[in-house]
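**Student:** Test case, fold it:
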Amino acid sequence: MRPPPDSVVESRAGCYDFPAFKRGNNLDLESITEGVLKGKTRAVSAAISAVEDGDAQAFELLKRLFPHGGGSHVIGITGPPGAGKSTLTDRLITLARSRGARVGIIAVDPTSPFSGGAILGDRVRMTRHFVDPDVFIRSMATRGTLGGISRGTYDAVVILEAAGFDYVAIETVGVGQDEIDIINTAHTSAVVLVPGMGDDVQAIKAGILEIGDIFVINKADRQGTRRLETELMMMLDLAPKDNGWRPPIIKTIASEGEGVEDVARAILDHRAFLEKDMMGRRKEIQRCRHRIRELWKGIAMERLFPQLLSDDELQEAAEAMALRNAEPYSLIERLEARLEENNGRA
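**Tutor:** Residues are numbered from 1 along each chain as shown. This next block holds a predicted model:
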């Protein structure tokens, strides 16, 4: 059964059609843009679907919406599978709504091997918010993307910002030690950990430790909480952030709501820190630099690569490599030469 108008809509891109926003086979960009700027849920959902599906008009839509963003605080909630990210996110939504804030949620789920859509493990814990018009929850499949988030996550954030949400939370798929793309999308990154997951130091070292602006030890009623807290404190002392921010360590039992107020307060404190001394502007510039690179990388792969190497040539080269009759490095050198040749002609 389809959901009613202006309620939280589908979680898998392309699951529903949006006839009100189409003219023939083309998107009605005027209607979608107007709807998003008014915060209309179906328009927001249609815009995100266009981005996820790689619609040819998605670029034009994003160009129209981008200037209207920038007012939302983007929060990344990341950590290993089973840490309780969804439960914590659900509690934070409830707290934000009690204070009158509008909240957009992007829940990045694993990709179904059968349908290619998102496996909705995260959204089932947020059902109480589905009928709230000031809460938008969207699941996005990773679709093979590493790093904990989806390719379309940044663009979905642009759309939710333009729709006027006060907070946009990105709940990443369960990550390990180095899936840290969230730092290039969120203003504040909260790393959720739980005690008793084997070697605690092993679980929190490397990139995961570096991206955290806030550390949350969830399920703090478990044995090993104090040990994990102590190890975190030691590691933060050994590798302090160079921007002067000391990440707080907060213990929660999210299922009971314990400690959630402290997490919300830490998010507000970090936001205030970023707004001081232009720290937030520098971080925003870093996010934009990353996005420019990622956009161009995607375009180069989809449009430029086929011009330099036909599918038949790619297949022939792959077959030769599989038999160890050729190596890829000479091929890359030939592609570089072709690119320089094409630039010379231009």
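
**Student:** my read is Ile285 is in a helix, agree?
**Tutor:** Yes - looking at Ile285 with DSSP: H, G, I helix; E, B strand; the rest coil, it is inside a helix.

**Student:** Check the gap between it and Pro247 for me.
**Tutor:** Counting by CB to CB, to the nearest Å, the gap from Ile285 to Pro247 is 22 Å. Any C-beta I mention is one placed from the backbone N, CA and C, and that applies to glycine too.

**Student:** okay, these two: which has more neighbours?
**Tutor:** Pro247 (20 against 11; other CB atoms under 10 Å).

**Student:** Need the per-residue pLDDT for that one.
**Tutor:** Pro247 carries a pLDDT value of 94.

**Student:** Same question for Arg338.
**Tutor:** pLDDT, Arg338: 89.

**Student:** Can you classify it as helix, strand or coil?
**Tutor:** Arg338 ends up helix, using three-state DSSP.

**Student:** what's the closest non-adjacent residue to it?
**Tutor:** Excluding the flanking residues, the one nearest Arg338 by CB to CB, 6 or more residues apart in numbering is Leu308, at 5.0 Å.

**Student:** what's the burial count for that neighbour?
**Tutor:** Neighbour tally, Leu308, other CB under 10 Å: 16.

**Student:** Now do the same contact list for it.
**Tutor:** 335, 338-339, 342 (CB atoms under 8 Å, 6 or more residues apart in numbering).

**Student:** 10 Å instead, please
**Tutor:** Counting by CB atoms under 10 Å, 6 or more residues apart in numbering, Leu308 touches 300, 334-339, 341-342.

**Student:** for Ala318, same thing?
**Tutor:** Applying CB under 10 Å, 6+ apart to Ala318 gives the contacts 326, 328, 331.

**Student:** For it, identify the helix or strand it belongs to.
**Tutor:** Using DSSP states H and E, Ala318 maps to helix 311-322.

**Student:** now that helix: how far from the chain's centre is it?
**Tutor:** 34 Å (CA atoms, centre = their mean, to the nearest Å).

**Student:** Buried residues, that helix. List them.
**Tutor:** Residues of helix 311-322 classed as buried: Ala317 (neighbour count, 16 or more other CB atoms under 10 Å).

**Student:** With stretch 267-283 instead?
**Tutor:** Neighbour-count burial for stretch 267-283 flags 267, 270-271, 273-274, 280, 283 (criterion: 16+ other CB under 10 Å).

**Student:** ditto for stretch 45-52
**Tutor:** 45-52.

**Student:** now swap in stretch 231-243 and tell me
**Tutor:** Across stretch 231-243, burial judged by 16+ other CB under 10 Å covers 231-232, 236.

**Student:** now those in JSON lines, with pLDDT and secondary structure?
**Tutor:** Converted to JSON lines, these look like this (pLDDT from 0 to 100; DSSP: H, G, I helix; E, B strand; the rest coil):
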{"residue": "Glu231", "pLDDT": "86", "secondary structure": "helix"}
{"residue": "Leu232", "pLDDT": "88", "secondary structure": "helix"}
{"residue": "Leu236", "pLDDT": "86", "secondary structure": "helix"}
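
**Student:** Serialize those to TSV and add fields for distance to Asn26.
**Tutor:** Output for the buried residues of stretch 231-243, formatted as TSV (distance: CB to CB, whole Å):
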residue	distance to Asn26
Glu231	56
Leu232	52
Leu236	52
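
**Student:** that older thread, show me the two of the buried residues of stretch 267-283 that sit farthest apart.
**Tutor:** Ile267 and Lys283 (14.5 Å; CB to CB).

**Student:** Using PDB, write down the CA coordinates of the helix holding Ala318.
**Tutor:** C-alpha atoms of helix 311-322 as PDB (Å, rounded to 0.1, in the frame of the first residue of the first chain):
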ATOM      1  CA  ASP A 311      34.600  -2.000 -24.200                       C
ATOM      2  CA  ASP A 312      36.200  -4.500 -26.700                       C
ATOM      3  CA  GLU A 313      39.700  -3.200 -25.900                       C
ATOM      4  CA  LEU A 314      38.900  -3.400 -22.100                       C
ATOM      5  CA  GLN A 315      37.800  -7.000 -22.500                       C
ATOM      6  CA  GLU A 316      40.800  -8.000 -24.600                       C
ATOM      7  CA  ALA A 317      43.200  -6.400 -22.100                       C
ATOM      8  CA  ALA A 318      41.400  -8.100 -19.200                       C
ATOM      9  CA  GLU A 319      41.700 -11.500 -20.900                       C
ATOM     10  CA  ALA A 320      45.400 -11.000 -21.600                       C
ATOM     11  CA  MET A 321      46.000 -10.000 -18.000                       C
ATOM     12  CA  ALA A 322      44.100 -13.000 -16.700                       C
END
